[in-house]
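>>> Build me a model:
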Amino acid sequence: MASTTDNSAADMAAAKRRSKLYGIDPAIAEIPHVGDPGPASEAIRRLSMPVLQELQTQLSDSSLGLVLADRRGRITHRHAPARSTLASMDDRCIDRGYSLAEADVGTNGVGTSLETRRPALVTGSQHHLECFHAFTCANAPIVHPITRRVAGTVGLLCPVEDTGPLLLATAMTLSSQISRRLLEQATDDERFLLEQFLFRRRSTSQAMAALGNQVLIATPVAQRSLAGVDQAELWDRVKSATSSVTTTEISFNTSDGQTLRLRCHPLHRGGQLEGAVVELLPVKQRTSGHTHSSGRELGSSFNGLIGSSPSWRATMADALAAKHHREPVLIVGERGTGRQSVARAIATDSPGDSISHFDSAEVLLDGPRSWVANIRRVLADGRTVVLRRSDELPDDVAAALVTLARTNDGRGRLLATCSTASVSNRGGYEGVGQGVAALLTALDVARVEVPPLRERRDDIPAIAQHLATTLGKSQLPPSVISVLRRQSWEGNVTELRQVLRSTFARSRSGAVSLRHLPRHIRLDDRRLPLHGLRQQEAQAIIAAIAATATRTEAAEQLGISRATLYRRIAAYGLDFDL
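Predicted coordinates for the structure are as follows:
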């Protein structure tokens, strides 16, 4: 069972990139202590203990260790029956109050499962820290069954040589049992919103969510559409819009460039506004944008997707062509490029615009037979199915979908996303089994290739400004935009959003400047088309400008005149706002 969710090469590569961005030394021998767990973390620990204690009684004479951590990756409980395992955990400070968050120790079972919101199996040298290479760690996130928020993670560890096929399955079982206990402990507000959500869901086929101050309950489609949304910001907007009306419609921009239309129904209890049910409606398009002659019109009006660069215009032209037929579509691109947004743009407002998303990571949770049957049912109902990460499907599940993809009678429609790494330059597919290759072939009737952010640098200013707006900030200065344009953005738009969030967190006054950018962005060699001493001098200039308030102070710190500083900035193409 574990083989279907063992971290894919793409997941491990993404975790490795994050570890590099955090600048963590792989050679450190101990993990950091971040303090005792707070009341919320303690509440989850107490609620989890009956489940954990039942397993602990079964672990006698085994080399397994049990670890429970809160949503920030801080350990709240551990157990190991074998003295050797406990001693190994002690040596590495795997103990209560210590952090296993990715930001603190890099790739590991606890931190990576929290980062991805999926089960994670990390073996040996897949760990970022060398001191963890002797372990295999299997963790599953604990997801609140009502709010869908991650409350923590639970898992097992063992010596690499003792790794077994049921390790990850056991972690997932523990997570499921703890989630059921969370449902039993739900508050009155949570239960009220859940009741209203279920009641409204019976009367509409639209993607929808129930929203409150601390609660978000959503259908799978709505959950993915709202994944990049700040819940507090959305609730403030909905609360303001529904304060004096019974039902209203609003528009809301997400971090990935989508504009959502929401129909909001306020929910009152005891004369007080407790929350709202929101339906996600199709975005109305401007017909003037449906042309191939004006790439800028096409890119700016195609269901809210942002961009006007040549590569993005080509993508939008292919997407628009795919929108007006019913054949399968394969959307190819790197992680974080917006493949899912492109899929939604193609499917929205097409005939039968009710969309259901199926993620390959959910196969194990739902069971292969049930997962495939649900897809078959949705297509038979005339709705659109989007398969997320179709190239990561288990081979037997992919093979079961091939006939469905080839013989679908047109009542429903099938779209799928796929990683660039799985598509060969020679036209075939690489690194996948025969079943997955056959499925990709069947889906590849029409292909839309989504370019990485580094190949559409002209779009970065517009994308960055849009993300800044969704995060509640005003205009970004040209100096910041210039630095952002020079990055390689291996994590694409997702990484750009994370960098902006970090930048804004450092800017307490609200005004953003170079000094607020993360250090690895300001000093990243990859954005400098220079070499040797020139590159070192350019780095020194960037660091000085970021550390000082004026160009005069920066010049004094560098030991050069202000005029020389300006000449160097121009000569090295740093493009600061002078």
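
>>> Report whether Leu330 is found in a strand, as I expect.
Yes. Counting by DSSP: H, G, I helix; E, B strand; the rest coil, Leu330 is found in a strand.

>>> contacting residues for Thr136?
Going by CB atoms under 8 Å, 6 or more residues apart in numbering, Thr136 touches 121-124, 157-160, 162-163, 167. Bear in mind the C-beta positions are built from the backbone N, C-alpha and C, glycine included.

>>> show me where the stretch 451-578 of the chain has helices.
Using DSSP state H, counting those that start in this stretch, the helices of the stretch 451-578 of the chain run over 460-470, 478-485, 492-506, 519-522, 532-547, 551-558, 562-571.

>>> Let me know the average pLDDT across the second one.
Mean per-residue pLDDT for helix 478-485: 83.

>>> Buried ones in it, by neighbour count?
Residues of helix 478-485 classed as buried: 479-485 (neighbour count, 16 or more other CB atoms under 10 Å).

>>> tell me the domain ranges of this structure?
Using automatic domain parsing, the domain parsing of the chain gives 2-184, 188-281, 287-451, 455-571.

>>> and the buried residues of helix 478-485 as a markdown table, adding distance to Pro26?
Below are the buried residues of helix 478-485 laid out as a markdown table (distance: CB to CB, whole Å):
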| residue | distance to Pro26 |
| --- | --- |
| Ser479 | 33 |
| Val480 | 31 |
| Ile481 | 33 |
| Ser482 | 32 |
| Val483 | 27 |
| Leu484 | 28 |
| Arg485 | 31 |
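
>>> Looking at those, spot the one nearest Ala511.
Set against Ala511, the nearest of these by CB to CB is Val480 (10.8 Å).

>>> In contact with Ala319, which residues are there?
Residues near Ala319 by CB under 8 Å, 6+ apart: 302, 342, 345-346, 448.

>>> Tell me the one of the residues you listed nearest Gly412?
Distances from Gly412 to the contacts of Ala319, taken by CB to CB, are shortest for Ile346, at 14.1 Å.

>>> Assess the claim that the closest one and His325 are in contact.
No. Assessed by CB atoms under 8 Å, Ile346 is found out of contact with His325, at 10.2 Å.

>>> before we move on, the earlier item: so which of the contacts of Ala319 comes closest to Cys264?
Ala345 (23.2 Å).

>>> Not counting sequence-adjacent ones, nearest residue to the residue sitting furthest away from the middle of the chain?
Relative to the centre of the chain, and counting by CA atoms, centre = their mean, the farthest-placed residue is Ser561 at 45.9 Å. Ranked by CB to CB, 6 or more residues apart in numbering and with sequence neighbours excluded, the top spatial neighbour of Ser561 is Ala555, at 6.1 Å.

>>> I figured the one you found was touching Ile569, is that so?
No. Checked against CB under 8 Å, the pair Ala555 and Ile569 is beyond contact range at 10.5 Å.

>>> Out of the contacts of Ala319, name the ones that lie in helices.
In helices, judged by DSSP state H, the following of the contacts of Ala319 are found: 342, 345-346.

>>> Could I get these in JSON lines, plus columns for distance to Glu42?
Output for the ones in helices among the contacts of Ala319, formatted as JSON lines (distance: CB to CB, whole Å):
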{"residue": "Val342", "distance to Glu42": "43"}
{"residue": "Ala345", "distance to Glu42": "44"}
{"residue": "Ile346", "distance to Glu42": "47"}
